[in-house]
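In: structure for this input, please:
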Amino acid sequence: MSAFWNLDKAKANKAGQSDFIQGNSQLTLKIISAGWIVKPNNTGGQNYALDLYVMNESKSTAHLTLWYGNSAGERWGGENIVNALMTVCNVPSLSQVQGNHWQYNFDERKDLQVPMMIAPELANKAFGAFLAENWYVKDGQPKQAGTNLFNVYDYQTNQLAWQKNAGQPSDQTALTKVYEAMLKASEKAKNKAYEQAGIAIGVDPSEMTNNSPFTSGESTTYNRNPLPDDVMAGREAPKVGA
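Out: Okay, here's the model as predicted:
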């Protein structure tokens, strides 16, 4: 008798776990669309960002917004991430052309396609991501919602951008350092939000409720587990759904 269903231990281990895109994680993401964001700031100028609408292999989606500079000529850390992303996605240049980009509509509570300037070269590209938690203060309370793209790597070779540019192979130690740094960035953001709110860490767990449309709504524990097996063993990470 032939087997109808073979045991998949990797999927068994995921039972009961969230499929949403969350911080404090390392995973493979596929870019659905990338849009150039321009928003006014409180100095009368403009801030610039590249917004990535991404999907994981479970087809959950999220926005990763990379703020890279402003009209005053200042440049921020997002500029480095954009260049690293181009490296690991094998994209030598980005253009600004009219197109459609998915943006979250708060009135309809869902993502809608909006006409705007886009970077079409990134559409359908997949990459490995280290995601840190985004913390902020709202109504005097610390809140965790959404994620920040902390670093990226080539999901097929597990090379970080600097390794790929130097022609060096992937290195488990380097990946582990990035993973640990990502966890520290999340903790730093959380501590800053609690400090700004004047609340001691752990006073009331209910204050950590997550209302993001892209995350599970559960408070996050800082679990310093080793990197996922695919990275530690140097195997190719799973491809996201088409």
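In: what does the model give the closest residue to Ser25 other than its chain neighbours for pLDDT?
Out: The shortest distance from Ser25 to any non-neighbouring residue, by C-beta to C-beta, 6 or more residues apart in numbering, is to Leu131 (5.1 Å). The C-beta positions use only the backbone N, C-alpha and C, and glycine is treated the same way. We have a pLDDT of 95 for Leu131.
In: begin at 42 from here
Out: In the new numbering, first residue 42, that becomes Leu172.
In: Leu172 against Phe61, yeah?
Out: No: Leu172 is beyond contact range of Phe61, at 11.2 Å (criterion: C-beta atoms under 8 Å).
In: of those two, who's got more company?
Out: Leu172 (24 against 19; other C-beta atoms under 10 Å).
In: host element of the more buried one?
Out: Assigned by DSSP states H and E, Leu172 belongs to strand 167-179.
In: that strand: partners in the sheet, and parallel or antiparallel?
Out: Sheet pairing for strand 167-179, assigned by DSSP bridges, gives strand 66-81 (antiparallel), strand 182-194 (antiparallel).
In: pick the most deeply packed of the ones you listed.
Out: strand 182-194 (a mean of 22; mean count of other C-beta atoms under 10 Å).
In: what about the strands in this protein?
Out: Counting by DSSP state E, the chain has strands at residues 66-81, 87-96, 102-111, 138-146, 151-159, 167-179, 182-194.
In: pipe those into a markdown table and attach distance to Ala230 per row.
Out: What follows is the strands of the chain, written out as a markdown table (distance: least, C-beta to C-beta, whole Å):
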| stretch | distance to Ala230 |
| --- | --- |
| strand 66-81 | 15 |
| strand 87-96 | 18 |
| strand 102-111 | 15 |
| strand 138-146 | 21 |
| strand 151-159 | 25 |
| strand 167-179 | 4 |
| strand 182-194 | 8 |
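In: in the protein, where is pLDDT below threshold?
Out: Low-confidence segments of the chain, defined by pLDDT under 70, span residues 42, 51-52, 54-60, 243-283.
In: how does it look with 90?
Out: 42-65, 98-99, 144-152, 175, 177-182, 184-187, 237-283 (pLDDT under 90).
In: so in it, which helix runs the longest?
Out: helix 213-238 (DSSP state H).
In: what's it packed up against?
Out: strand 167-179, strand 182-194, helix 270-273 (3 or more C-beta pairs under 8 Å, 6 or more residues apart in numbering; DSSP states H and E).
In: and of these, who's closest to Ala207?
Out: With C-beta to C-beta as the criterion, Ala207 lies closest to strand 182-194 of the helices and strands packed on helix 213-238, at 13.7 Å.
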